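Colleague: test case, fold it:
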Amino acid sequence: MVQERQARGRGVGLVLVGMVLVAALGGSWLAKRGDAEGQTLGLPPGTRVGYHHATGLVRFLGAAAGEALAEYPSLSSAEGPEGIAEAFLSVYGGLFGVADTQRDLAIQSTTTAPSGRTAVRYQQHYDGVPIVAGELLVQVDASQRVLAATGETARDLTLDVTPRLASDEACRRALEDVAQERGADPQALTCSEPELWIYDPALLDAPGPRRARLVWRMEIRHADDLSVRELALVDAHMGVMALRFSMVDEAKLRRVHDNANDASRGLPGTLVRIEGGPPVGVTDADAAYAFLGDTYDLYHRLHGRDSWDGAGAPIVVTTRYCPPGQECPYRNAFWNGTQLVFGEGYARADDVVAHEYTHAVTEHTSRLFYYMQSGAINEAFSDIWGEFVDLSNDGDAGNDAERWLVGEDLTNGPARSLSDPPSFAYLFPDTGLQPYPDHMEHPGYYCGHLDNGGVHLNSGIAAKVAYLLTDGGSFGGYDIGPLGLAKTAAVFYEVQTQLLTSGAGYADLHDALIQAAYNLVVDGVLTPPDVTHVERAVAAVGMDRHPPACAVAVAPLCTEGSPQDVFYDDLERPEDGIWTAVTLEGVYNSFYYPQNPNDLGLDATYARSGVTNIWGYDQEYIGDYAMVMMRDVVLPAGAYLRFEHAFAFEEAPKWGQGFGADGGVVEYSIDGGATWQDAGPLFTHNGYTGRLVEGWGNPLVGREAFVSASRGYITSRLDLRSLAGERFRVRFRIGTDDGGNDYGWFIDNIHIYHCLDAPGAATGTPTLVEPTRATPTRATPTGVPHPWWFPVAIKEYAR
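Modeller: Okay, here's the model as predicted:
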């Protein structure tokens, strides 16, 4: 969980208005001013500090209203906001993990708001290569004072930035991957020019081993189906698909095109109405024209924004669109990076039109990734401004039942509720109907890989805050007073344009909303009591908390008594000969101990402790291979096996979550390795995550296994008490199919022990038996997988 702290230390000068505002706000804002850590950080009184739950680095610094993190009056006006931001980061950049700002950061953009506040955005680089979601933002006011700094950076990088995989091969693999999953013709797909980037899953809180990797970054599109727009990151050393997700955000110079449900017309289609033109008699086209006008006007009236790019770009829209080869009429809507697209009927709902328009705004402001928590915030922003337009049109003014529903004017009914997110549900194949959460600790919070990591499902948390701030209400033990639409919109727009980086999560949004409120008090837009309501609203939904549903329980050593080692291997002594790689089927054995050297010529170091680990590469050929313990351990009463591991195996996306094409199992032997049993039933904590599917030749087909990806290292524990007195050994086994690869299995710190003073615990010294060289045999697969349909959203227009 990210902690919020008030910090204090080296002070800065305050302008008079700041003193007055702080006095008016009283002690509630500065209740934690005595924090000793703030003194260590050298920050002024009242500074709020947020920490990244995965990297441990500072991810947010914010000053109270009228105060500043730092002031630079001696800098000339010619230095501008960029010079001020650079001066600030030269002192405080280390808190964010940036050792050398000149070397590691490059200015990405500078955006000045009508308020005079400027957001200076930086892109992090390592050895000249940009880092995905590695960004910092420094907000500077017109008086050359730093108000806030936020962002995430990759830390402690030691990476070879020379690619081993050619860019054209990376493109080919990405096209093949997208074509296979979508059932598309690879010849109809194109990829943008691949660029070298570095990807660290920790920055997006994404599944997989938390180790940075060099990737080829590209965008995949379809020549005819304009709903296809995917971001693909292909590992430039291993060829693994490191990350891939759809960038199509489904869900006042106007140019309206209409395709009349003719899939052959493509995009943008037949132009039927332009700015100032008369109605054309096509309901969808005329509705799109009207509602885009409403949306443009609201953004311009409330925020002074000229079109979706802020620079008067034409608003191009196509109605009654049908992608080739798909159901027609098309039941969806999306922004594809250049224009808005609506299936039949979807342009008739003002909130749906504003929803898609806001995706365009997001792409040109905060640039939030459409993935995991960043994507959920992205979706929430679109829902929020969609409802702002809907409410401004007075369509639901007297109808409380429809007031905060998204898409209530659609023929198939509304999609979501901002006032009561759990009243709607999403259908997942692994969990069934899952309600939209309205709190970070709601059991419906989704942590899987479907829906781009829950971008729609988890959007309800931010949406609930917008509802509470606009209308007021009691929730989560807090009473929130109504700010009204204009003030609430001002807070969210300040966040959207000035205070978020592309990889921002909910903890970042929590801090940004409060900082936006502080800033708007200085502008006279908000009052001090308004800020209190913003603080209460984000607290009501637990926005700064890490969702328990995504946390992996740490397997305990002992629930009773204290542990006594029977066998412990931190894997730092390969010369002991305890572990041997064995091929059970196939040509290649891709288990390595130590991890280096290996047949791929890569540095596979990813140790939980020390510098050595076991690595099992998830190869792209049919294979069955294991890392086998070559020594027996006589188990005392009350014994357990505990080990630490991280994994990323090739998924089986068409089967849904909980199924994998490749995976790993744990097996044990009590006869010197002559026969092996599946250890799955013995897991007490963090056991198998799914089942291996049939169809591509995996020798372990049908078995329960570790599939998909963990979130970095986890600990798993097995109960060996039923095997007391046996001569025990363990092996870690991987089964792979034909085609597709991934990072595989990283294993460290293997521990067999029992708990002293626990009921039934043994006493005395455990026995280790010298290695034997039995011939391994394959365990017999049991069970068969059952296919699932793709996830279907209940009352969901955008997927």
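
Colleague: all strands for the stretch 51-200 of the chain, in order.
Modeller: Using DSSP state E, counting those that start in this stretch, the strands of the stretch 51-200 of the chain run over 58-62, 70-71, 105-112, 118-126, 129-140, 145-152, 189-191, 195-199.

Colleague: quick one: closest of the ones you listed to residue 680.
Modeller: strand 195-199 (31.9 Å; Cβ to Cβ). Every C-beta, even on glycine, is put in place using the N, C-alpha and C of the backbone.

Colleague: contacts for the closest one, please.
Modeller: For strand 195-199, the external contacting residues (Cβ atoms under 8 Å, 6 or more residues apart in numbering) are 126, 129-132, 134, 154, 157, 159, 161, 163, 212-218, 233, 236, 242-243.

Colleague: what average pLDDT does that strand get?
Modeller: When pLDDT is averaged over strand 195-199, the result is 99.

Colleague: so what's the gap between that strand and the chain middle?
Modeller: 17 Å (Cα atoms, centre = their mean, to the nearest Å).

Colleague: between the helix or strand just after it and strand 129-140, how many degrees?
Modeller: With elements assigned by DSSP states H and E, the helix or strand that comes after strand 195-199 is strand 213-222. Strand 213-222 runs at 90 degrees relative to strand 129-140, counting by axes from the mean of the first three to the mean of the last three Cα atoms, to 10 degrees.

Colleague: run the chain-centre distance for stretch 112-123.
Modeller: Worked out by Cα atoms, centre = their mean, stretch 112-123 lies 25 Å from the chain centre.

Colleague: among the strands of the stretch 51-200 of the chain, show the one with the smallest mean pLDDT.
Modeller: The bottom spot among the strands of the stretch 51-200 of the chain, by mean pLDDT, belongs to strand 70-71, with a mean of 88.

Colleague: show residues contacting whatever helix or strand residue 717 lives in.
Modeller: Secondary structure assignment for residue 717, by DSSP H and E: strand 714-719. Strand 714-719 is contacted by residues 552, 554-556, 640-646, 666, 679, 682-687 when judged by Cβ under 8 Å, 6+ apart.

Colleague: so which of these belong to strands?
Modeller: Secondary structure of the contacts of strand 714-719 is defined by DSSP state E; positions in strands are 640-646, 666, 683-685.

Colleague: which one of the strands of the stretch 51-200 of the chain lies nearest to residue 411?
Modeller: strand 189-191 (32.3 Å).

Colleague: show me where the stretch 201-350 of the chain has its strands.
Modeller: Going by DSSP E, counting those that start in this stretch, the stretch 201-350 of the chain shows strands at 213-222, 229-235, 241-246, 249-250, 253-258, 270-274, 314-319, 333-335, 340-342.

Colleague: could you export these as CSV, including mean pLDDT?
Modeller: Formatted as CSV, these follow (pLDDT from 0 to 100):
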stretch, mean pLDDT
strand 213-222, 97
strand 229-235, 96
strand 241-246, 95
strand 249-250, 66
strand 253-258, 53
strand 270-274, 58
strand 314-319, 89
strand 333-335, 91
strand 340-342, 92
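
Colleague: can you add mean neighbour count and distance to residue 714 and give these back as a markdown table?
Modeller: Formatted as a markdown table, the strands of the stretch 201-350 of the chain follow (neighbours: other Cβ atoms under 10 Å; distance: least, Cβ to Cβ, whole Å):
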| stretch | mean neighbour count | distance to residue 714 |
| --- | --- | --- |
| strand 213-222 | 22 | 19 |
| strand 229-235 | 23 | 22 |
| strand 241-246 | 21 | 20 |
| strand 249-250 | 26 | 32 |
| strand 253-258 | 22 | 50 |
| strand 270-274 | 16 | 54 |
| strand 314-319 | 25 | 46 |
| strand 333-335 | 27 | 36 |
| strand 340-342 | 29 | 41 |
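
Colleague: distance to residue 361 added to the ones you listed, as TSV?
Modeller: Converted to TSV, the strands of the stretch 201-350 of the chain look like this (distance: least, Cβ to Cβ, whole Å):
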stretch	distance to residue 361
strand 213-222	20
strand 229-235	17
strand 241-246	19
strand 249-250	11
strand 253-258	15
strand 270-274	22
strand 314-319	11
strand 333-335	10
strand 340-342	12
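
Colleague: out of those, which is closest to residue 402?
Modeller: Of those, nearest to residue 402 by Cβ to Cβ is strand 333-335, at 19.3 Å.

Colleague: show me what the closest one is packed against.
Modeller: strand 249-250, strand 340-342, helix 350-363 (3 or more Cβ pairs under 8 Å, 6 or more residues apart in numbering; DSSP states H and E).

Colleague: worst mean pLDDT among the ones you listed?
Modeller: Across the helices and strands packed on strand 333-335, the lowest-scoring stretch is strand 249-250, with a mean of 66.

Colleague: determine which residue lies closest to the centroid of this structure.
Modeller: Compute the mean C-alpha point of the chain, and by Cα atoms, centre = their mean the closest residue is residue 372, 2.9 Å away.

Colleague: thank you, goodbye.
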